[in-house]
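>>> Here is the input, now give the coordinates:
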Amino acid sequence: MAPSSTSAARMRIISAHVQASASGLAPYTPGGDSQQLWHGGHQWMNKPATGTIAFVGAPLCDGQPLGGVNLAPDAFRKAGFETVVNRLDWQMKDCGDVQRATPDSIQITSSDNVGYYPPDAVTNSELVGAGVGLVHERVSAAAAGGDFVLTVGGDHSIASGSITGIMKHRKDLAVVWVDAHGDCNTPETSPSKNYHGMPLAHILGWFQQRVTGFDWCDDFLETCGPLPEENVALIALRDVDPPERALLRASGVHVFTMQDVDRYGIGQVMESALERIDPKGRRPLHLSFDIDSCDPTIAPGTGTKARGGLSYREAHYICERLACTNRLGSMDLVEINPELDQAFSETMHGDDPEIGGTETVRLGIELVASALGKTIV
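Sure, this is the predicted structure:
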């Protein structure tokens, strides 16, 4: 006698548990999340509670050498982002763009001081530090009101400002960092000296000295403490510098490379990541999403492309899964570069007619919609 569909589904679940136990990954339990309902083999995902989204534009591009990434916040607005947000029953509060720092607007601390890295240890450290400090202040103010805070970069340098800004108000924060790269270099290990490859290491407390321009960050870390390593999951890595690899292996950060995604599937990877960074299901969650985590075939508009990235559905599932925890309260979306992007050329069934813009801008808006609770059914 052929097994019923329910029995077959149960057998698949048991098989998944056995495979997960053998691999060391956390087993997936249908119905284990409060935002999921199990109905005879299909898992319905409930939408999270809606509210207000505070949109913070962070057009900072000084943490890397390419221009154009500063254009993404305005590209989002022009492509219909607010319409998409409102249609999901969210209200949008546009907090404007953080003003980029200029040489005339910053007060430079002498890097000859004892305890500081030399001036060439981090490229443009005065400009980057001042700009990211302004992001920190703007995000902190937005988080104080309890809103969902979306920070649109800009390069990934902004994350040391956005995440510390969230940490001021949401204690014991857990972070899902989605990226092709580790962004865990320090001034000692970075081959490029560009800060956009260092922000996670900085807020994890891995820097051995202060950085000129980043006194606000170093003061925060001394007062409030660094982001705990065990509260961080890195997902979709595939281009990691050798010294950075050594730092990650010696740390308590939970790392899931594209090889893990290939082997276990994005669903199992997300369950394992959440189990590790939030084992009791109580911590506030932050998503820091670098668009270069996606394969260049779906996200051509970025300056740090790497082959073999997340598929369209894998990228969306990460956002969907975090949304249904009902604990995702903030998000970064970074490294979208409209100047390097391709025009949207082919409309397919299911494409949202309300979303305009180029290919990667459109993808970014769609991913945020998934993070805010957009579901397929």
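>>> burial of the closest residue in space to residue 70 that isn't next to it in sequence, as a residue count?
The spatially closest residue to residue 70, leaving aside those adjacent along the chain, is residue 59, at 3.7 Å (CB to CB, 6 or more residues apart in numbering). For every residue, glycine as well, the C-beta is placed using N, CA and C. For residue 59, the tally of surrounding residues (other CB atoms under 10 Å) stands at 21.
>>> Test my guess that residue 59 contacts residue 157.
No. Using CB atoms under 8 Å, residue 59 makes no contact with residue 157, being 11.6 Å away.
>>> and for these two, which residues touch both?
Counting by CB atoms under 8 Å, 6 or more residues apart in numbering, no residue touches both residue 59 and residue 157.
>>> Show me the residue sitting in the middle of the protein in space.
residue 288 (1.4 Å; CA atoms, centre = their mean).
>>> Contacts for the helix or strand encompassing that one, please.
When secondary structure is defined using DSSP states H and E, the element that contains residue 288 is strand 285-290. If you take CB under 8 Å, 6+ apart as the criterion, strand 285-290 is touched by 156, 159, 162-163, 166, 173-181, 183, 278, 304, 318-319, 322, 325, 327-335, 367, 371.
>>> neighbouring strands for that strand, and are they parallel or not?
The strands beside strand 285-290 in its sheet (DSSP bridges) come out as strand 174-178 (parallel), strand 328-334 (parallel).
>>> Those strands into TSV, with extra columns for mean neighbour count?
TSV is the format used below for the strands paired with strand 285-290 (neighbours: other CB atoms under 10 Å):
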stretch	mean neighbour count
strand 174-178	26
strand 328-334	26
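>>> what comes up buried for the stretch of helix or strand residue 141 belongs to?
Element membership for residue 141 (DSSP H and E) is helix 125-144. Neighbour-count burial for helix 125-144, counted by 16 or more other CB atoms under 10 Å, picks out 125-136, 138-143.
>>> How are the strands of this protein distributed by residue range?
Ranges of strands in the chain, per DSSP state E, are 36-39, 42-45, 52-58, 91-97, 148-153, 174-178, 232-237, 254-257, 285-290, 328-334.
>>> Looking at the ones you listed, spot the one closest to residue 114.
strand 232-237 (30.5 Å; CB to CB).
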